[in-house]
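Asks: Below are the sequence and a predicted model; questions follow.
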Amino acid sequence: MNYIVTIDGPSSSGKSTLAKLLAKKLSISHIDSGSIYRAVTLYALENKFLSNKKILLEKLVNSLSNSDISLKENRDGIFKMYVNNEDVEDKIRGSKVSKHVSEVAKYEEIREFVLRIQRDISKNKSIVMDGRDIGSFVFPNADVKFYIDASIKTRSERRYNQLKEKEQHLSIREVENDLLNRDNIDKTRKKSPLIIPKNSLIINNVNRTIDDVLNQMLEYTKSIINKKMP
Ligand code: DC
């Protein structure tokens, strides 16, 4: 029998890293739902449906329905994001996409487009999916739910360390402001905002090692799954 594990939390809380490692330990697939919103944002920027000032929502949505935005599984069982057959994994992690993605993700039409991809990819398999609305909205009946959090200071340091080699002009203050801005948009948008999903295990991972948190998540998941599927 298949099962679903959801991991929600704010930007740079460590949820994607934990989701990837947990999926590996459980030998099931990992889907990073933020990467789909990031690919849509990249597509909007590259095709000029989005600028600093405005978004051409209707044109973007129409164009998306004629494009191929998909997650493809590689030989090692890892899902990578493609836009019209181009591997965009690197491009979608840059600060330009990060700066605009929460803005794009707040529109209902965009969320519906992404929801279809999320549901299609999860059919007939066990998955760990991470994001902002996975346990609350995308899979409210998921078997196991986590909410991962950390202080803004810790999250900014993590994000800064990830970006500093590729984007040397960035300061930690800019990174912190970007995270605060995204938190605000993600938590206050009308359509499926970031909340702590019902029945989720809340983990604050400040001052904890990845292994320590991962072990806690693994034991918790196994305890639930073993009861459901003895
Ligand atoms: O996890 P991330 O930083 O890659 O996510 C990028 C953005 O995508 C995030 O700022 C908000 C949006 N997002 C969302 O609205 N819902 C999700 N399930 C996942 C991401």
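Replies: That came through fine.

Asks: And the helix ranked longest in the chain, what's buried?
Replies: Of all the segments of type helix in the chain, defined by DSSP state H, the longest one is helix 210-228. The neighbour-count criterion (16 or more other CB atoms under 10 Å) identifies 213-214, 216-217, 220-221, 224-225 as the buried residues of helix 210-228. No exception for glycine: its C-beta is placed from N, CA and C like everyone else's.

Asks: among those residues, which are in reach of the ligand?
Replies: Filtering the buried residues of helix 210-228 for proximity to the ligand by CB under 6 Å from any ligand atom leaves nothing.

Asks: Could I get the full set of strands for this structure?
Replies: Assigned strands in the chain, in chain order: 4-8, 29-32, 69-73, 79-83, 86-87, 127-131, 144-149, 201-204 (criterion: DSSP state E).

Asks: Those into a markdown table, with extra columns for distance to the ligand and mean neighbour count?
Replies: Formatted as a markdown table, the entries for these read as follows, by distance: least, CB to the nearest ligand atom, whole Å; neighbours: other CB atoms under 10 Å:
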| stretch | distance to the ligand | mean neighbour count |
| --- | --- | --- |
| strand 4-8 | 7 | 27 |
| strand 29-32 | 7 | 21 |
| strand 69-73 | 13 | 16 |
| strand 79-83 | 10 | 18 |
| strand 86-87 | 17 | 11 |
| strand 127-131 | 2 | 27 |
| strand 144-149 | 11 | 23 |
| strand 201-204 | 16 | 16 |
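
Asks: related to what we said a few turns ago, from the contact counts, what lies against the longest helix of the chain?
Replies: In terms of contacts (3 or more CB pairs under 8 Å, 6 or more residues apart in numbering; DSSP states H and E), helix 210-228 is packed against helix 15-26, strand 144-149, strand 201-204.

Asks: is it possible to export the ones you listed to CSV including mean pLDDT?
Replies: What follows is the helices and strands packed on helix 210-228, written out as CSV (pLDDT from 0 to 100):
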stretch, mean pLDDT
helix 15-26, 96
strand 144-149, 98
strand 201-204, 98
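
Asks: ok, now which ones touch K59?
Replies: F49 (CB atoms under 8 Å, 6 or more residues apart in numbering).

Asks: Verify the contact between S16 and R38 for me.
Replies: No: under the contact definition of CB atoms under 8 Å, S16 does not touch R38, with a separation of 11.3 Å.

Asks: List, one by one, the residues from the chain near the ligand.
Replies: In this structure, the chain approaches the ligand at residues 11, 33-34, 37-38, 101-102, 105, 131-134, 182, 186, judged by CB under 6 Å from any ligand atom.

Asks: Show the contacting residues for the closest residue to S35 other than its chain neighbours.
Replies: When the adjacent residues along the chain are set aside, S35 lies closest to M81, with 4.6 Å between them (CB to CB, 6 or more residues apart in numbering). Applying CB under 8 Å, 6+ apart to M81 gives the contacts 35-36, 38-39, 69-71, 87-89, 92.

Asks: circling back to that earlier point, can you add pLDDT and distance to N207 and give the residues of the chain next to the ligand back as CSV?
Replies: What follows is the residues of the chain next to the ligand, written out as CSV (pLDDT from 0 to 100; distance: CB to CB, whole Å):
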residue, pLDDT, distance to N207
S11, 92, 19
S33, 96, 27
G34, 96, 25
Y37, 97, 30
R38, 97, 29
V101, 93, 28
S102, 90, 27
A105, 94, 30
G131, 97, 25
R132, 96, 24
D133, 96, 28
I134, 97, 26
R182, 91, 23
D186, 92, 24
